[in-house]
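the sequence and its predicted three-dimensional model are supplied below.
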Amino acid sequence: MSYFNLKKVSTHLWELPKTGNMRVPGRIYVNDKLKSSLFRDNAIDQVRNVAFLEGIQKYSIAMPDIHWGYGFPIGGVAAMDAETGVISPGGVGYDINCGVRFIRTNLQYDDIKDQLPNLVNTIFQNVPTGVGSHHSIQQLSVSELKQVLKLGAKWPIQRGYGKETDLEAIEEFGCLKEADPEKVSSKALRRGSDQPGTLGSGNHFIEIGVIKNVYDEELAQKLRLKKDQIIFMIHTGSRGLGHQVCDDYVHEMLMKIHTLKFELPDKQLACAYIQSPLGKDYFGAMACAANFAWANRQIIMSKVEKAVLQALRTSPSELGYELIYDVCHNIAKFEDHEIDGKTKRICVHRKGATRAFGPGRKELAERFREIGQPVIIPGDMGTESYLCIGTEKAMQETFGSSCHGAGRTMSRHKALRLTNINRVMSDMRNKHIFVKAAKNKTIVEEMSDAYKNVSDVVQTMHEVGIIKKIVRSVPLGVVKG
DNA sequence: ATGTTC
């Protein structure tokens, strides 16, 4: 059976056969409901193009939320041999370490249902949002900013934003130690100096949600989650600093594109050998941007807690505000994986894809080593989100990776053409979701209809066995940029 | 995603 040139491998898994200069086949996870959305853009061509890259292992992988991105598709995973392979800024994306954190509380829906506008407005007043948002904390000197880039989430914790144990619930404990601030341009540093603790724009958000369904009682209990509980999610990345790092290295690599010993099917796949000076410089700078993003989410999390305490006139012990997990979904990392029966060091590019490590991985903090890594998969601002857990199957099939969200199905431009602020706001009111944003335009661009159905995306990966669903939450209040 | 065209 085939669909266009895709061959069915098993339930929800399709293979793009290896042709021409592809080094490996493509593999696409998608269920029947989402299959047609695959052909709305040229993302499958991008899955094929990525397979041309030197050092790529096993497959060029695409998740069900795949859509077109710069060079590499968003919703893609590409693992390169750490010795012979290449690293590419396009395989990480412009928003380096864009990611999500999921926070539990002791609150029940009834505790806050009359306070929603107050809660959302107080958060909005305390966290700068929107393009160019700045001055959440004091402007940092170059040397202070370099400390942020070295320390990641630890930097704000040392200054009273959150607590030391938060680090155990962050991928890499909130810090890539390879970070080298000397590889970050002065322009990138300038853009980052006043942006720690700011939300940004686009699909970034702060959400107040309530847990509606529990799929796995035992795991939910271990994570201190239950039905009707109020949770918070924070989705943001490395702001102007990460964007500038990506821009700088895309240009640098384009200038040295002739030094590659193979032909690129697309200039947007500009890359460098991982072991070359340029490849190492990019990784050192990317790690800085990743650390900046973790510091950013840490500061915002703490500011949201303060806002909630203020709005509800409650105490920290009553609130029980605690980080469940923080995932990145735009990053490259060095990891050991079993390939053809041997353990091999690879550089895993996850772009619009979440790490989903199963039980036993040494990278996980002790409290997650037995159960596996929590995987946070938010929907669009009008729909549900899922907290899941990684599995052994993810380790075998996808280098320990899963989907990252709903995935756009419509361009921002098209969304603006098709609807308007009044219609989107009335849709949100009908769903009883209170929204506050820096700009109306962002709300229109982010309307639910511009996204795939996140439940279909998550269900695909759940049924394949790459992740296991734990709980589903729905939004009550949303802050956007 | 982004001082949304250095």
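On my side now, so go ahead.

so is stretch A:460-480 next to DNA strand B?
No - using Cβ under 7 Å from any atom of the strand, we find that stretch A:460-480 stays clear of DNA strand B, coming within 9.2 Å at best. For every residue, glycine as well, the C-beta is placed using N, CA and C.

pull out the buried residues from that stretch.
Going by neighbour count (16 or more other Cβ atoms under 10 Å), the buried part of stretch A:460-480 is A:460-462, A:464, A:466-480.

mean confidence for that stretch?
For stretch A:460-480, the mean pLDDT works out to 98.

do stretch A:348-358 as well
Per-residue pLDDT values over stretch A:348-358 give a mean of 98.

buried ones in that stretch?
A:348-358.

same check, this time on stretch A:185-203
Residues of stretch A:185-203 classed as buried: A:185, A:188-189, A:191-203 (neighbour count, 16+ other Cβ under 10 Å).

which bits of chain A sit near DNA strand B?
A:94-95, A:98, A:130-132, A:187, A:190-191, A:195, A:200-204, A:236-237, A:239-240, A:243-244, A:439, A:446, A:481.

redo that, cut-off 6 Å
Residues of chain A found near DNA strand B (Cβ under 6 Å from any atom of the strand) are A:94-95, A:131-132, A:187, A:191, A:200-204, A:237, A:239-240, A:243, A:481.

among these, name the ones in helices.
For these, membership in helices holds for A:187, A:191, A:239-240, A:243, with DSSP state H as the criterion.

list the contacts of the spatially closest residue to A:Leu269 that is not a sequence neighbour.
The spatially closest residue to A:Leu269, leaving aside those adjacent along the chain, is A:Gly71, at 4.6 Å (Cβ to Cβ, 6 or more residues apart in numbering). Applying Cβ atoms under 8 Å, 6 or more residues apart in numbering to A:Gly71 gives the contacts A:46, A:49, A:88, A:90-91, A:266, A:268-270.

okay, the buried residues of stretch A:348-358 in TSV with secondary structure next?
Written out in TSV, the entries for the buried residues of stretch A:348-358 read as follows (DSSP: H, G, I helix; E, B strand; the rest coil):
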residue	secondary structure
A:Val348	strand
A:His349	strand
A:Arg350	strand
A:Lys351	strand
A:Gly352	coil
A:Ala353	coil
A:Thr354	strand
A:Arg355	strand
A:Ala356	coil
A:Phe357	coil
A:Gly358	coil
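
what helix or strand is A:Val77 on?
strand A:74-81 (DSSP states H and E).

tell me what that strand is packed against?
Contact partners of strand A:74-81 among helices and strands, from 3 or more Cβ pairs under 8 Å, 6 or more residues apart in numbering; DSSP states H and E: helix A:43-50, strand A:60-67, strand A:342-351.

before we move on, the earlier item: just give me the closest of the buried residues of stretch A:348-358 to A:Lys303.
Of all those, A:Thr354 has the smallest distance to A:Lys303: 24.3 Å, by Cβ to Cβ.

circling back: quick one, the strand holding A:Val77 and strand A:342-351 angle?
Calculated by axes from the mean of the first three to the mean of the last three Cα atoms, to 10 degrees, strand A:74-81 forms an angle of 150 degrees with strand A:342-351.

can you pull the contacts of the residue of chain A found nearest DNA strand B?
Nearest residue of chain A to DNA strand B (Cβ to the nearest atom of the strand) works out as A:Gly202 at 2.0 Å. Contact criterion Cβ under 8 Å, 6+ apart gives A:442, A:445-446, A:481 as the residues in contact with A:Gly202.

ok, so what distance separates the closest residue to A:Leu16 other than its chain neighbours from A:Leu269?
Nearest non-adjacent residue to A:Leu16, counting by Cβ to Cβ, 6+ apart: A:Gly26, 3.2 Å away. A:Gly26 sits 14 Å away from A:Leu269, taking Cβ to Cβ, to the nearest Å as the criterion.

where in chain A is pLDDT low?
Confidence mapping of chain A against pLDDT under 70 gives the ranges A:1-4.

have a look at it and report its longest strand.
With secondary structure taken from DSSP state E, chain A has its longest strand at strand A:467-480.

element containing A:Glu15, please.
When secondary structure is defined using DSSP H and E, the element that contains A:Glu15 is strand A:13-16.

report all helices and strands that that strand contacts.
strand A:6-10, strand A:26-29, helix A:43-50.

need those in CSV (columns: distance to A:Thr409).
What follows is the helices and strands packed on strand A:13-16, written out as CSV (distance: least, Cβ to Cβ, whole Å):
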stretch, distance to A:Thr409
strand A:6-10, 19
strand A:26-29, 16
helix A:43-50, 11
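
tabulate the ones you listed (CSV), appending mean neighbour count and distance to A:Val454.
Output for those, formatted as CSV (neighbours: other Cβ atoms under 10 Å; distance: least, Cβ to Cβ, whole Å):
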stretch, mean neighbour count, distance to A:Val454
strand A:6-10, 13, 23
strand A:26-29, 25, 14
helix A:43-50, 24, 17
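
spatially speaking, which residue is in the middle of chain A?
A:His329 (2.8 Å; Cα atoms, centre = their mean).

what's the closest non-adjacent residue to it?
Ranked by Cβ to Cβ, 6+ apart and with sequence neighbours excluded, the top spatial neighbour of A:His329 is A:His404, at 3.9 Å.

count of neighbours near A:His432?
Neighbour count of A:His432, defined by other Cβ atoms under 10 Å: 12.

before we move on, what about the one 5 residues further on?
A total of 22 residues lie near A:Ala437 under the criterion other Cβ under 10 Å.

who's in contact with it?
When contacts are counted by Cβ under 8 Å, 6+ apart, A:Ala437 touches A:129, A:443, A:479-481.

pick out the most distant pair among the contacts of A:Gly202.
The span of the contacts of A:Gly202, defined through Cβ to Cβ, is set by A:Glu445 and A:Gly481 at 10.6 Å.

which non-adjacent residue is nearest A:His134?
Across the structure, with Cβ to Cβ, 6+ apart as the measure, the residue nearest A:His134 apart from its sequence neighbours is A:Asp194 (4.0 Å).

verify the contact between that neighbour and A:Gln139 for me.
Yes - here A:Asp194 reaches A:Gln139: they are 4.7 Å apart, a contact under Cβ atoms under 8 Å.

thinking again about what came up before, beta partners of the residue nearest to A:Leu16?
With DSSP bridges applied, A:Gly26 shows beta-bridge pairing to A:Leu16, A:Ser60.

residues contacting it?
Here A:Gly26 is in contact with A:15-16, A:44, A:47-48, A:50-51, A:59-62 (Cβ under 8 Å, 6+ apart).

just flag the most distant two among those residues.
Among these, the pair separated by the greatest distance (Cβ to Cβ) is A:Glu15 and A:Val50, at 14.5 Å.
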